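**Student:** Fold the following.
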Amino acid sequence: MPKTNKPYRTFDRALRYKLEALYNAGTPVKIIAEQIGFTFQSVYRELKRGYYMHRNTDWTETRRYSADKAQYAADLNATAKGAPLKIGKDLVFAQFVEDMILKGYSPAAILDYIEEHNLKFQTKVCRVTLYSYIDKGLFLRISNKNLLRKGKRKHRHKKVKAVKQLPKIEHSIEKRPSEVVKRSSFGHWELDTVVGTQKKGETLLCMTERLTRMEIIFKARDKSAASTVTMLNRLERKVGSRNFRQIFKTITCDNGTEFSNTIGMEYSPYTGKKRTAVYYCHPYCSSERGSNENQNGFIRRFVPKGTAIKRFSPQEIREIQDFINNYPRRIFNGENSQKRFQIELQKLNIKFF
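**Tutor:** Residues are numbered from 1 along each chain as shown. This is a model prediction of the structure:
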């Protein structure tokens, strides 16, 4: 006979009261099973859960079934459901996770770091389990507030601002080559500015390579077009004009005033030739520089909004840059951007950067 998929059923409070009335009235178990729609084996198991000895008026005792007693036992058993915590008493693993989270690593990056460095712990968990443990508050020194992404974002309705500056047609992101959009080739960068306070002062110019997610961070004197051009000139002088053209084929940025000197950004002051191609995003479309925006989130862990950039030394900025570039990434199966970037430089036969 073909098997029939019967829906899974359990005893609830109403069924237990019905079972109590039938059993205590002396109804045979087989008849009870037919009436309530369970096998007689299931009825016997349920009876064991609620058996008690009832004392009659003549001081004799009779075994009866109590629906309330069975329900209490079922509720008590339900509290013990679920697998035991994998982390158990592995304090070494727990402390390692706490230390790495406080350094800025995500749970996924921690697991990639453990695998890449071949670290051994008693505990082995997956990414979802580790996130769950953090959400449940199983660690003493950290919570999900210490994570870069702290849960679902609230969608705030922002007032639409008037567009101050539209990109030139020849430099619009719509004119950008398709290979840049597909991330199929190396040498295409996104550029943005991270400010400290609202007052005038030093800023950070942040460049992100789209294929490898390599990050370059400069301290700029102010948020001006002249400072942006100066930083690009320094970068070209450091790597050489020939190498610059191979490494920085295109630069995509927003329509901020600090990126308004298109000619100064595109043309080299050393050779007089075009060194890169600049493209501008649509106004208020930061998603067109998604990699750059994501990297800025890393930077904000170390440079919170409202903190003056001048408080950070060049060495500290370099440490932030190195942290981002050596961060294990799921998109690269645990590899970091620095390693991917060096591979691309080797293809171009560029040994220094």
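**Student:** Who are the packing partners of the one helix or strand A33 maps to?
**Tutor:** Using DSSP states H and E, A33 sits in helix 29-36. Where contact means 3 or more CB pairs under 8 Å, 6 or more residues apart in numbering; DSSP states H and E, helix 29-36 is packed against helix 13-24, helix 40-50. All C-beta atoms are positioned from the backbone trio N, CA, C, and that covers glycine.
**Student:** 6 Å instead, please
**Tutor:** For helix 29-36, the packing partners by 3 or more CB pairs under 6 Å, 6 or more residues apart in numbering; DSSP states H and E come out as helix 40-50.
**Student:** quick one: low-confidence parts of the stretch 1-150 of the chain?
**Tutor:** Within the stretch 1-150 of the chain, the ranges that satisfy pLDDT under 70 run 1-8, 79-83, 149-150.
**Student:** what about the helices in it?
**Tutor:** Using DSSP state H, counting those that start in this stretch, the helices of the stretch 1-150 of the chain run over 13-24, 29-36, 40-50, 67-78, 91-103, 107-116, 127-135.
**Student:** And the contacts of the fourth one?
**Tutor:** Read that as helix 67-78. If you take CB atoms under 6 Å, 6 or more residues apart in numbering as the criterion, helix 67-78 is touched by R13, R16, Y17, E20, R49, G50.
**Student:** so R183 sits right up against E209, yeah?
**Tutor:** No. Between R183 and E209 there is no contact under CB atoms under 6 Å: 9.8 Å.
**Student:** Can you show me the strands along the stretch 251-353 of the chain?
**Tutor:** 277-280 (DSSP state E, counting those that start in this stretch).
**Student:** For it, give me the ranges with low pLDDT.
**Tutor:** The model of the stretch 251-353 of the chain has pLDDT under 70 over residues 352-353.
**Student:** the helices in it, which residues?
**Tutor:** With helices called from DSSP H, counting those that start in this stretch, the stretch 251-353 of the chain shows them at 262-266, 290-302, 314-325, 337-347.
**Student:** Packing partners of the shortest one?
**Tutor:** Counting by 3+ CB pairs under 6 Å, 6+ apart, the packing neighbours recorded for helix 262-266 are helix 225-239, strand 277-280.
**Student:** E61: which of the ones you listed is closest?
**Tutor:** Smallest distance to E61 across these (CB to CB): 89.8 Å, for strand 277-280.
**Student:** export that closest one as CSV, just CAs?
**Tutor:** Extracted C-alpha coordinates of strand 277-280, given in CSV (Å, rounded to 0.1, in the frame of the first residue of the first chain):
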residue,chain,number,x,y,z
ALA,A,277,39.7,59.1,-16.7
VAL,A,278,37.3,60.6,-14.2
TYR,A,279,33.6,59.8,-14.1
TYR,A,280,31.0,61.3,-11.9
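**Student:** that older thread, among the helices of the stretch 251-353 of the chain, which comes closest to V43?
**Tutor:** Going by CB to CB, the one of those nearest V43 is helix 290-302, 59.1 Å.
**Student:** Can you lay out the helices and strands packed on helix 262-266 as CSV showing mean neighbour count and distance to V125?
**Tutor:** Shown next, in CSV, are the helices and strands packed on helix 262-266 (neighbours: other CB atoms under 10 Å; distance: least, CB to CB, whole Å):
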stretch, mean neighbour count, distance to V125
helix 225-239, 18, 42
strand 277-280, 22, 43
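**Student:** Adding distance to F298 as columns, could you present the ones you listed in CSV?
**Tutor:** Rendered in CSV, the data for the helices and strands packed on helix 262-266 read as follows (distance: least, CB to CB, whole Å):
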stretch, distance to F298
helix 225-239, 20
strand 277-280, 24
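**Student:** can you tell which of the ones you listed is closest to N24?
**Tutor:** strand 277-280 (82.6 Å).
**Student:** For the closest one, name the packing helices and strands.
**Tutor:** The contact analysis (3+ CB pairs under 6 Å, 6+ apart) places strand 277-280 against strand 250-253, helix 262-266.
**Student:** Give me the contacts around the longest one.
**Tutor:** Here helix 262-266 makes contact (CB under 6 Å, 6+ apart) with V229, L232, K274, T276, V278.
**Student:** how far out from the middle of the chain is that helix?
**Tutor:** 36 Å (CA atoms, centre = their mean, to the nearest Å).
**Student:** please renumber so the chain begins at 410
**Tutor:** In the new count, where the first residue is 410, that last one comes out as helix 671-675.
**Student:** Check the gap between E525 and Q751 for me.
**Tutor:** Shown here: E525 relative to Q751, a distance of 16 Å by CB to CB, to the nearest Å.
**Student:** if we can go back for a sec, same list, the contacts of helix 476-487, but as a markdown table with neighbour count and distance to Q704 please.
**Tutor:** Converted to a markdown table, those look like this (neighbours: other CB atoms under 10 Å; distance: CB to CB, whole Å):
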| residue | neighbour count | distance to Q704 |
| --- | --- | --- |
| R422 | 13 | 56 |
| R425 | 22 | 59 |
| Y426 | 14 | 63 |
| E429 | 19 | 66 |
| R458 | 17 | 58 |
| G459 | 22 | 62 |
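**Student:** Out of those residues, which two are the most distant from each other?
**Tutor:** Farthest pair in those (CB to CB) is Y426 and R458. Separation: 13.9 Å.
**Student:** Can you classify Q607 as helix, strand or coil?
**Tutor:** Of the three states, Q607 takes coil under DSSP: H, G, I helix; E, B strand; the rest coil.
**Student:** Count the residues that sit near it.
**Tutor:** Q607 has 8 neighbours, counted by other CB atoms under 10 Å.
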